[in-house]
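>>> Could you look at this predicted model? Sequence included:
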Amino acid sequence: MKKEIHPETYRLVAFKDMSNDVVFITRSCAPTKETIVYEGVEYPVVKVEISNTSHPFYTGKMKLVDTAGRVDKFYQRYANKKK
């Protein structure tokens, strides 16, 4: 590996899956502003929409994730259209 290209600021970070509230701890240098207490220890937290605990490929279940309201906008736009 090349020297001096990797960040030096790795620390333990909690990643929280917002769709099912699963939290996992790993080392990361992702910038965070929020913290979370997990098992009695305070960690910086990175909120993610989909992780391996909620992704359809890993769970085998299809799930609609609509964080930006795109599906609602689609239904509103085409609600009055007839086939």
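Alright, I've got the coordinates. Residues are numbered from 1 along each chain as shown.
>>> quick one: least confident helix or strand in the chain?
helix 56-59 (a mean of 55; mean pLDDT, DSSP states H and E).
>>> Tell me which helix or strand comes right after it.
helix 70-78 (DSSP states H and E).
>>> so what does that next one touch, helix or strand wise?
On a contact count with 3 or more C-beta pairs under 8 Å, 6 or more residues apart in numbering; DSSP states H and E, helix 70-78 meets no helix or strand. For every residue, glycine as well, the C-beta is placed using N, CA and C.
>>> quick check: mean pLDDT across it?
Mean per-residue pLDDT for helix 70-78: 73.
>>> pull the CA atoms of it into CSV?
Taking Å, rounded to 0.1, in the frame of the first residue of the first chain, the C-alpha atoms of helix 70-78 are listed here in CSV:
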residue,chain,number,x,y,z
ARG,A,70,-40.8,10.8,-4.8
VAL,A,71,-43.5,8.2,-4.8
ASP,A,72,-46.0,10.6,-3.4
LYS,A,73,-45.1,13.2,-6.0
PHE,A,74,-45.5,10.5,-8.7
TYR,A,75,-48.9,9.5,-7.5
GLN,A,76,-50.0,13.1,-7.3
ARG,A,77,-48.8,13.9,-10.8
TYR,A,78,-50.5,10.9,-12.4
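>>> Now for Val22, how many residues are close by?
As a burial measure, Val22 scores 14 neighbours (other C-beta atoms under 10 Å).
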